[in-house]
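Enquirer: Sequence below, structure please.
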Amino acid sequence: HVQLVESGGGLVQAGGSLKLSCAASGRSFRNYAMGMGWFRQAPGKEREFVADIRRNGGKTYYGDSVKGRFTISRDNAKNMLYLQMNSLKPEDTAVYYCAARDSDYTAYNYWGQGTQVTVSS
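Expert: Sure thing, here's the model as predicted:
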């Protein structure tokens, strides 16, 4: 069993920054083995891939809409995942979800409850 709890969401003006955090825990959580990532879902839209990071933190991947503005990182010693979001745009408004998977190459199968990010114009 894996628990993921996001924090750091809120209301910010366009051009501003926010940093999301995700705390991972649970008997099944193996921080050095699991891939982790961020997804988001805006009202009326499908869930969208934002970023992910390999289990050792060595490689990161980003969705086209956030490249160059968002940075994903992880601290395996603290069981934490982060998403630094800069140059925010109104279209970044969504519920952001932390996710984990049993390896770098399987489907994401653990999800947090989400944190709301709202960017005003």
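Enquirer: Now do the contacts for the most centrally placed residue in the chain.
Expert: The centroid of the chain falls nearest to residue 38 when counting by CA atoms, centre = their mean (2.5 Å). Listed by CB atoms under 8 Å, 6 or more residues apart in numbering, the contact set of residue 38 reads 20, 22, 50-52, 72, 81, 83, 96-99. From N, CA and C alone the C-beta is placed, and that goes for glycine too.
Enquirer: what does residue 40 give?
Expert: Applying CB under 8 Å, 6+ apart, the residues near residue 40 are 47-48, 50, 92, 94-97, 117.
Enquirer: go with 7 Å
Expert: 48, 50, 94-97 (CB atoms under 7 Å, 6 or more residues apart in numbering).
Enquirer: Is it in a helix, a strand, or coil?
Expert: strand (DSSP: H, G, I helix; E, B strand; the rest coil).
Enquirer: Not counting sequence-adjacent ones, nearest residue to it?
Expert: Leaving aside its sequence neighbours, residue 40 sits nearest to residue 94 (CB to CB, 6 or more residues apart in numbering; 3.9 Å).
Enquirer: Which strand residues bridge that neighbour?
Expert: Following DSSP bridges, residue 94 is listed with bridge partners residue 117.
Enquirer: So it sits against residue 118, correct?
Expert: No. Applying CB atoms under 7 Å as the test, residue 94 and residue 118 come out as separate, 8.8 Å apart.
Enquirer: higher neighbour count, the two?
Expert: More crowded of residue 94 and residue 118, by other CB atoms under 10 Å: residue 94, with 22 against 15.
Enquirer: Any stretches of the chain with poor pLDDT?
Expert: Along the chain, the parts satisfying pLDDT under 70 run over 32.
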